[in-house]
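S.K.: no letters, just coordinates:
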Ligand SMILES: Cc1cc2nc3c(=O)[nH]c(=O)nc-3n(C[C@H](O)[C@H](O)[C@H](O)COP(=O)(O)OP(=O)(O)OC[C@H]3O[C@@H](n4cnc5c(N)ncnc54)[C@H](O)[C@@H]3O)c2cc1C
């Protein structure tokens with residue numbers, strides 16, 4: 001796995017021709033291909049080691065939908081996935097899919113819905129999740145909702161039948177349906193935790209493989225090959241696997257669905273400069289939200305779109321942690337010791353039942369907001385400048401501080417594998433606790449005297465019953481009984497809500513507003529519509545697969 005997470009080195013055309021291995025290669029020569037102008041002039045052929053009508057990058061939610069849809073049109077499909085298994089973030093998701101428009105399950109449960117109702121919801125001016133959307137994209141999304149749901153049924157996806165309220169800007173009481181969790185726990189990645197999205201991606205994988213889609217695991221896209229650097233058709237991609245670089249030709253189109261960019265520190269700071277390296281990404285030990293689709297498409301001229309959606313502070317772009325003392329403590333995601341990637345996650349975390357049991361302090365040992373709040377006001381305070389002159393952006397690590405009475409009340413066992421020693425500390429005194437915090441993101445030691453003053457002041461609020469600093473409702477418990485503990489509780493990143501500009505067929509658009517022929521994008525790598533998760537990913541992937549599959553093939 002660690003091998004898969006390494007960023008592949010860029011490889012020049014010269015070196016990949018030299019090092020190429022034609023395993024099962026199609027060996028097709030295409031005229032006028034080049035990676036930069038000089039090579040375009042000089043070279044008139046390229047060796048294609050693999051070839052298919054549609055090449056799908058990323059075997060996650062949108063990629064699997066794209067592959068199945070493209071195959072439905074009769075196109076041949078190769079999927080490229082850098083991980084050791086399929087599923088991306090989707091396999092760790094709750095599987096609650098927001099899809100409506102009057103599909104068969106809605107009819108069965110008597111839910112009134114239509115494409116027009118979806119369009120009306122997701123273009124609302126009075127909701128930040130819809131206000132900044134591209135209405136052309138929303139219209140097509142709304143029109144394709146019901147058909148996408150039927151497509152899932154046709155590809156074997158099973159639903160629990162329960163209706164849930166639609167989230168975000170949705171006003172419909174019954175627009176979310178949950179998939180049945182995959183039945184083999186060892187293939188679930190975060191088993192025994194209601195990861196119903198595993199049923200979605202495993203069923204789509206099953207259907208894709210059965211219909212002849214070839215999935216190349218441990219293969220990572222490293223660049224997109226276009227006829228000329230910023231013009232002409234996209235012809236294929238370069239892929240790195242096991243130390244080799246191969247060229248994969250796409251006769252009809254390349255789909256890039258690499259899952260968004262929240263895991264790419266440099267890229268995500270385009271949207272919000274505060275998002276420095278200490279903010280972890282919810283799924284990082286399994287799927288890295290690499291930003292690869294965005295970056296590699298931008299390198300050949302693609303544009304970003306509707307970027308306001310990322311910072312509208314309405315969705316789950318960044319959230320409070322629910323599990324503390326581990327590196328990744330996102331709300332619904334816990335890696336138990338039987339997870340196949342537990343060696344990467346390293347700890348399950350301590351789940352906080354009552355935020356009255358802890359106080360939260362920043363890198364310099366000061367409280368910054370009410371611990372019982374989880375809104376974007378809390379997040380903004382956590383990311384505020386903490387006074388460190390060497391770190392002006394980002395708020396630095398946030399620590400939950402508590403004592404042994406809190407441990408008893410919460411029934412925690414503050415030891416590995418529940419906590420990760422790098423993200424957890426203890427001490428007989430508060431000063432000792434501060435000195436014991438030894439974490440890669442804690443750039444300078446927490447001053448013990450400041451932490452002690454913070455706790456004493458908070459304890460005085462418990463006595464008086466009023467938090468005059470941050471208005472925590474009726475502070476309940478003093479922090480006074482050793483040992484004392486500090487557990488990592490830094491806000492954690494989740495959704496990428498914007499990305500590449502696409503048209504209503506999911507074709508990628510360049511910075512001049514022109515289609516880049518042969519390049520498609522969807523899922524969390526696309527911009528235009530900030531609906532959380534699976535509904536948007538599935539609709540966009542399916543639209544792209546159908547369009548690419550039916551499009552004209554390049555002459556070879
Ligand atoms: C804990 C959790 C719970 C969630 N629950 C829900 C829910 O209940 N409902 C909901 O609607 N949404 C939910 N989501 C969100 C949902 O899972 C995502 O929106 C969805 O998975 C995104 O789909 P995608 O295709 O864009 O990316 P992904 O599904 O993440 O797939 C991207 C794939 O691309 C691969 N990749 C990346 N770079 C490369 C490269 N260079 N070469 C080859 N492959 C590459 C990745 O390894 C990955 O497999 C949840 C997410 C999480 C993390």
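M.R.: Structure received. None of these values were measured; they are calculated from a predicted model. Numbering: from 1, shown residues only.
S.K.: ok, now which ones touch residue 387?
M.R.: Residue 387 sits next to residue 364 when contact means C-beta atoms under 8 Å, 6 or more residues apart in numbering. From N, CA and C alone the C-beta is placed, and that goes for glycine too.
S.K.: which single residue in this structure comes nearest to the ligand?
M.R.: For the chain and the ligand, the shortest gap (C-beta to the nearest ligand atom) falls at residue 60, measuring 1.7 Å.
S.K.: hang on, that residue packs against residue 533?
M.R.: No - with contacts counted by C-beta atoms under 8 Å, residue 60 stays clear of residue 533, the gap being 11.3 Å.
S.K.: pick out whichever of the two has more residues nearby.
M.R.: residue 60 (30 against 26; other C-beta atoms under 10 Å).
S.K.: just give the nearest non-adjacent residue to the more buried one, would you?
M.R.: residue 88 (2.6 Å; C-beta to C-beta, 6 or more residues apart in numbering).
S.K.: and residue 240, that's in a helix?
M.R.: No - counting by DSSP: H, G, I helix; E, B strand; the rest coil, residue 240 is located in no helix; its state is strand.
S.K.: and for it, the neighbour number?
M.R.: Neighbours of residue 240 using other C-beta under 10 Å come to 23.
S.K.: for it, which residues make a bridge with it?
M.R.: Applying DSSP bridges to residue 240 gives these bridge partners: residue 220, residue 245.
S.K.: OK, contacts around the residue of the chain closest to the ligand?
M.R.: Taking C-beta under 8 Å, 6+ apart, we find residue 60 in contact with 86-91, 201, 257-259, 287, 523, 537.
S.K.: format those as CSV; extra columns: neighbour count.
M.R.: Formatted as CSV, the contacts of residue 60 follow (neighbours: other C-beta atoms under 10 Å):
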residue, neighbour count
86, 23
87, 29
88, 32
89, 29
90, 31
91, 29
201, 30
257, 32
258, 33
259, 28
287, 25
523, 34
537, 32
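S.K.: does stretch 68-84 reach the ligand?
M.R.: Yes - judged by C-beta under 6 Å from any ligand atom, stretch 68-84 comes into contact with the ligand through 80-83.
S.K.: for those, give me a markdown table that also has pLDDT and secondary structure.
M.R.: Listed next are those as a markdown table, based on pLDDT from 0 to 100; DSSP: H, G, I helix; E, B strand; the rest coil:
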| residue | pLDDT | secondary structure |
| --- | --- | --- |
| 80 | 98 | strand |
| 81 | 98 | coil |
| 82 | 98 | coil |
| 83 | 98 | coil |
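S.K.: and the two most separated of those residues?
M.R.: Distance extremes for these: the farthest pair is 80 and 83 at 10.7 Å, using C-beta to C-beta.
S.K.: neighbour count: these two, which is higher?
M.R.: Neighbour count, other C-beta under 10 Å: between residue 80 and residue 83, residue 80 has more, with 28 against 23.
S.K.: the more buried one is in contact with residue 237, isn't it?
M.R.: Yes - with contacts counted by C-beta under 8 Å, residue 80 reaches residue 237, the gap being 7.1 Å.
S.K.: which residues are common contacts for those two?
M.R.: Counting by C-beta under 8 Å, 6+ apart, the shared contacts of residue 80 and residue 237 are 55, 57, 221, 248.
S.K.: which residue ranges form the helices in the stretch 151-300 of the chain?
M.R.: 197-210, 265-268, 292-299 (DSSP state H, counting those that start in this stretch).
S.K.: mind checking those for the one nearest to residue 458?
M.R.: Of all these, helix 265-268 sits nearest to residue 458, with 32.6 Å by C-beta to C-beta.
S.K.: in the closest one, what counts as buried?
M.R.: Using 16 or more other C-beta atoms under 10 Å as the test for burial, helix 265-268 gives 265, 267-268.
S.K.: what's the closest of these to residue 371?
M.R.: Distances from residue 371 to the buried residues of helix 265-268, taken by C-beta to C-beta, are shortest for residue 268, at 26.0 Å.
S.K.: grab the nearest non-local neighbour of that closest one.
M.R.: Closest residue in space to residue 268, ignoring its immediate chain neighbours: residue 275 at 4.9 Å, by C-beta to C-beta, 6+ apart.
S.K.: surely that neighbour meets residue 264?
M.R.: No - with contact defined as C-beta under 8 Å, residue 275 and residue 264 do not form a contacting pair (10.0 Å).
S.K.: between those two, which has more neighbouring residues?
M.R.: residue 275 (25 against 20).
S.K.: so where is this structure shaky, pLDDT-wise?
M.R.: Scanning the chain with the threshold set as pLDDT under 70 gives 1-44.
S.K.: show me it divided up by domain.
M.R.: By the assignment in automatic domain parsing, the chain contains the domains 55-213+250-317+496-556, 320-493.
S.K.: most tightly packed of those?
M.R.: Of all those, domain 55-213+250-317+496-556 has the most neighbours on average by mean count of other C-beta atoms under 10 Å, namely a mean of 22.
S.K.: can you tell me the distance between the two ends of that domain?
M.R.: Domain 55-213+250-317+496-556 has its terminal residues 16 Å apart, counting by C-alpha to C-alpha, to the nearest Å.
S.K.: residue 466 versus residue 200, what's the distance?
M.R.: Distance of residue 200 to residue 466, given as C-beta to C-beta, to the nearest Å: 48 Å.
S.K.: now do the shared contacts for residue 80 and residue 83.
M.R.: With C-beta under 8 Å, 6+ apart, residue 80 and residue 83 have common neighbours residue 59.
S.K.: what about the strands in the stretch 401-550 of the chain?
M.R.: According to DSSP state E, counting those that start in this stretch, the stretch 401-550 of the chain carries its strands in the segments 424-427, 484-488, 492-493, 499-500, 507-509, 515-521.
S.K.: in JSON lines: those strands, plus distance to residue 134.
M.R.: Output for those, formatted as JSON lines (distance: least, C-beta to C-beta, whole Å):
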{"stretch": "strand 424-427", "distance to residue 134": "44"}
{"stretch": "strand 484-488", "distance to residue 134": "37"}
{"stretch": "strand 492-493", "distance to residue 134": "23"}
{"stretch": "strand 499-500", "distance to residue 134": "12"}
{"stretch": "strand 507-509", "distance to residue 134": "11"}
{"stretch": "strand 515-521", "distance to residue 134": "14"}
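S.K.: show me the one of the ones you listed that comes nearest residue 308.
M.R.: strand 499-500 (13.0 Å).
S.K.: how about the helices of the stretch 151-300 of the chain in a markdown table, adding distance to residue 370?
M.R.: Formatted as a markdown table, these follow (distance: least, C-beta to C-beta, whole Å):
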| stretch | distance to residue 370 |
| --- | --- |
| helix 197-210 | 33 |
| helix 265-268 | 27 |
| helix 292-299 | 36 |
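S.K.: what does the stretch 251-400 of the chain have sitting close to the ligand?
M.R.: Close to the ligand, as judged by C-beta under 6 Å from any ligand atom, the stretch 251-400 of the chain has residues 257-260, 282-283, 287, 290, 292, 330, 332-333.
S.K.: so residue 57 touches residue 253, yeah?
M.R.: No - using C-beta under 8 Å, residue 57 is not in contact with residue 253, being 11.1 Å away.
S.K.: out of the helices of the stretch 151-300 of the chain, which is closest to residue 460?
M.R.: With C-beta to C-beta as the measure, helix 265-268 is the member of the helices of the stretch 151-300 of the chain nearest residue 460 (39.1 Å).
S.K.: done for today, thanks.
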